[in-house]
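Colleague: what follows is a predicted structure for the sequence shown.
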Amino acid sequence: MTGSVVKRARTAGCHQHKVGPTFSVPGLCITEHTFTLPLDYSGLHPGNVDVFCRVLVHRNKVSDHNLPYLLYLQGGPGFEAPRPLDNTGWIKHACNYFRIVLMDQRGTGLSSPITPGNVERLGDAGAQALHLTHFRADSIVADAEVIRMVLVPGTNHDGRWTVLGQSFGGFCCVTYLSLAPESLIDCLITGGIPPRIDTPCAAEAVYRACALRVLLQNRKYYSRFPMDVARIGAVVRFLAAAPGGGVSTPAGNLLTPRSLQLLGLHSMGFSTGFERLHYLFEGSFDGPELSRKFLKDFDVWMSWDTNPLYAIMHESIYCQGAASNWAAERVLASGEFADAFDATQAAQAGQPVNFTGEMVFSWMFEAIAGLRPMKEAADILASKEDWPTLYDVDVLEENTVPTAGVLYYEDMFVNFGLAQETANRINGMHQWVTNEYLHCGIREAGGPVFERLLNLCRGGILPR
């Protein structure tokens, strides 16, 4: 059982702990820490990773050593923790109650980051894939446990801390509840309840639900901006007619009709995404050619070169005993969705071109320059069947850790129906269901979201 991962982590401990500089931003005092931890807590695969975190304290509470600790787990997978510029948003509210730990999950930020360059230095595709198997939620939680034992004094709430997880960070929280509930004071989750936690691979169910939601979001988009049917269609027809079926961008990406559809990831599920997408296309042409600004803006929207771990590991977060086998690609190629996501066919017929959502496809590892070095490793990971279990359903059904989560009814990234199935299986979990936000309420209204979840956990808001 995966609980043994935590036991091994506690036994392995921290190989090295370096306390970095302390500095201030408006309203906060920040101290940096770096921990050298095992790559593989089972000990089967040698090597270490560095895991970096920042501890934030309200400038007026630096000497308050009784403040409990809160670990924030970022969404992704494959994205680093936020870099605080000042004491605002959810941090402003949380630091009234906690010392906040912002951890760059392994493979991101300053935590032995996975980049196209250093992946190649790991060796052949098999060696790369083997290394990358140790970058999922179970390893992230094991890292967090070692860091907790180092940072949190035993006299501070018996050495326990609170966890707050956004999106994939919420998935990690549920893994934490499964593996080490005794280490937690409270568990707060925003838009991040994992689906089908008792199935070997939930990926197909996830992407079918995602496809339906993203089609609805596309209809909303074109209802708002009907002029973009012609504008976007013109771009798709240009790309389809180009030699090789696309054009090269300044960053070396191959922009084709289907890679253009990837723009939906950053636009269809966020509160200002429709507007950003509309303005992106208003300057798409410079005379008869696509404008350099448009091509450069496309590159900026694609973060695969700076955060490739998201693409290479994304489908694996749904696997615990079966392979994903490029599930999103298979779902969108099925009869139910094949025509709906055929960009060229839609453009030639004068119909709206539908953008895709939170989906990763095998062809991206050829079209996107930053992903090309990882193509073979990505194929190996997509076919891997023996992924370890991430969730203990029996433990979750007997959960005693005060837990609260916000479930966004129109969430494009974490399907509401699938999320609620799991939420109903976590004993005592308080669910706040809302359509006031899409997926990033913690970013858009962090203070109220944080306060409501903490109050739900601690009895400030009574269940009805």
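Modeller: Arrived safely, thanks for sending.

Colleague: please look at residue 446 and residue 87 and confirm they touch.
Modeller: No: contact between residue 446 and residue 87 fails when scored by C-beta atoms under 8 Å: they sit 11.7 Å apart. All C-beta spots, glycine's among them, are computed from the backbone N, C-alpha and C.

Colleague: okay, the two: which has more neighbours?
Modeller: Neighbours per residue, other C-beta atoms under 10 Å: of residue 446 and residue 87, the larger number sits with residue 446, 20 against 16.

Colleague: would you list the phi and psi of the more buried one?
Modeller: Main-chain torsions, residue 446, degrees, to the nearest 10: phi -60, psi -40.

Colleague: can you tell me how far it is from residue 327?
Modeller: Spatial separation of residue 446 from residue 327 under the definition C-beta to C-beta, to the nearest Å is 32 Å.

Colleague: what's the pLDDT at residue 440?
Modeller: On the pLDDT scale, residue 440 is placed at 89.

Colleague: what secondary structure does the residue nearest to it when sequence neighbours are not counted sit in?
Modeller: If you skip the residues right next to it in sequence, residue 440 has residue 270 as its closest partner in space, 6.3 Å away by C-beta to C-beta, 6 or more residues apart in numbering. The local conformation at residue 270, judged by DSSP: H, G, I helix; E, B strand; the rest coil, is coil.

Colleague: the strands in the stretch 1-150 of the chain, which residues?
Modeller: For the stretch 1-150 of the chain, strands defined by DSSP state E, counting those that start in this stretch occupy the ranges 16-25, 28-38, 48-58, 69-73, 99-103.

Colleague: am I right that residue 182 sits in a helix?
Modeller: Yes: following the definition three-state DSSP, residue 182 is counted among the residues of a helix.

Colleague: any idea how far the spatially most central residue of the chain is from residue 172?
Modeller: If you average the C-alpha coordinates of the chain and look for the closest C-alpha using C-alpha atoms, centre = their mean, you land on residue 76, 1.5 Å from that point. For residue 76, the distance to residue 172 under the criterion C-beta to C-beta works out to 9 Å.

Colleague: which neighbours do the two share?
Modeller: Among the neighbours of residue 76, those also in contact with residue 172 (C-beta atoms under 8 Å, 6 or more residues apart in numbering) are residue 105.

Colleague: before we move on, the earlier item: wait, what's in contact with the residue nearest to residue 440?
Modeller: Each residue near residue 270 by C-beta under 8 Å, 6+ apart is listed here: 438, 439, 440.

Colleague: same thing with residue 329?
Modeller: Going by C-beta under 8 Å, 6+ apart, residue 329 touches 359, 361, 362, 363.

Colleague: nearest residue to the second one other than its sequence neighbours?
Modeller: Leaving out its chain neighbours, the residue that sits closest to residue 361 by C-beta to C-beta, 6+ apart is residue 329, at 4.7 Å.

Colleague: phi and psi next, for the one you found.
Modeller: phi -60, psi -40.

Colleague: about what we covered before: just the buried ones from the contacts of residue 270, in ChimeraX syntax?
Modeller: For selection in ChimeraX, the members of the contacts of residue 270 meeting the burial criterion (16 or more other C-beta atoms under 10 Å) are listed in this command:
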select :438,439,440
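
Colleague: hmm, residue 392 is touching residue 176, no?
Modeller: No: under the criterion of C-beta under 8 Å, residue 392 makes no contact with residue 176, lying 11.1 Å away.

Colleague: who has more neighbours out of the two?
Modeller: residue 176 (26 against 20).

Colleague: next, the more buried one: secondary structure please.
Modeller: Using three-state DSSP, the structure places residue 176 in helix.

Colleague: before we move on, what about residue 355?
Modeller: Secondary structure of residue 355, reduced to three states by three-state DSSP: coil.

Colleague: and it, what does it touch?
Modeller: The neighbourhood of residue 355, defined by C-beta under 8 Å, 6+ apart, consists of 214, 218, 221, 261, 262, 263, 264, 267, 268, 277.

Colleague: return the per-residue confidence for the nearest residue to residue 224 once chain neighbours are set aside.
Modeller: Nearest-residue entry for residue 224: residue 274, 5.5 Å, with adjacent residues in sequence omitted and distances by C-beta to C-beta, 6+ apart. What the model reports as pLDDT for residue 274 is 97.

Colleague: what sits against residue 274?
Modeller: Applying C-beta under 8 Å, 6+ apart, one finds that residue 274 lies in contact with 220, 221, 224, 225, 267.

Colleague: buried ones among the residues you listed?
Modeller: Buried members of these, scored by 16+ other C-beta under 10 Å, are 221, 225, 267.

Colleague: in the helix-or-strand element of the chain with minimal mean pLDDT, which residues are buried?
Modeller: Every helix and strand of the chain was ranked by mean pLDDT, DSSP states H and E. The lowest is helix 3-12, at a mean of 82. Using 16+ other C-beta under 10 Å as the burial criterion, the residues of helix 3-12 that qualify are 5, 6, 8, 9, 10, 12.

Colleague: and for stretch 50-59?
Modeller: 50, 51, 52, 53, 54, 55, 56, 57, 58.

Colleague: can you tell me what sits against it?
Modeller: 24, 27-37, 67, 81, 84, 87, 91, 95-96, 99-106, 109-112, 143, 147, 151.

Colleague: what about the helices in the stretch 151-300 of the chain?
Modeller: Taking DSSP state H, counting those that start in this stretch as the criterion, the stretch 151-300 of the chain contains helices spanning 168-179, 203-224, 228-241, 257-260, 273-281, 292-301.
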